[in-house]
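In: below is the structure, and that's it, no one-letter string:
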């Protein structure tokens, strides 16, 4: 088992380093964002998750008709990605409504 893990680490060492560095960079960037800007930043990031929807549709399109695991995971990714995008727009809409003048 440890040999498999060590071999996996050696094979994908560069990718693992990039992931670890991106985690630290993301934590540093998010921790330095003022609280006032955190909600707009996150709602915009949720809207960007449309890329997940496109990727899931591509995976589902290339999956074999009898590959139920890929089809189910692709379907779940489309549903969850859509919920994330819609949620991002709802939060942004509510946030912008706070700045409108009341009649």
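Out: Ah, there it is. None of these values were measured; they are calculated from a predicted model.

In: make it CA atoms for all contacts and neighbour counts henceforth
Out: Fine.

In: can you pull the buried residues of stretch 84-102?
Out: Within stretch 84-102, the residues scored as buried using 16 or more other CA atoms under 10 Å are 84, 85, 86, 88, 89, 91, 92.

In: now, among the residues you listed, which is nearest to residue 13?
Out: residue 84 (31.2 Å; CA to CA).

In: residues touching the closest residue to that closest one other than its chain neighbours, list them.
Out: Leaving aside its sequence neighbours, residue 84 sits nearest to residue 46 (CA to CA, 6 or more residues apart in numbering; 5.6 Å). Applying CA atoms under 8 Å, 6 or more residues apart in numbering to residue 46 gives the contacts 84, 85, 87, 88.

In: in TSV: the residues you listed, plus pLDDT and secondary structure.
Out: What follows is the contacts of residue 46, written out as TSV (pLDDT from 0 to 100; DSSP: H, G, I helix; E, B strand; the rest coil):
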residue	pLDDT	secondary structure
84	84	helix
85	85	helix
87	82	helix
88	78	helix
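
In: now render those as JSON lines, adding distance to residue 97.
Out: Supplementary listing: the contacts of residue 46 in JSON lines, determined by distance: CA to CA, whole Å:
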{"residue": "84", "distance to residue 97": "20"}
{"residue": "85", "distance to residue 97": "18"}
{"residue": "87", "distance to residue 97": "15"}
{"residue": "88", "distance to residue 97": "14"}
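
In: alright, that wraps it up for me.
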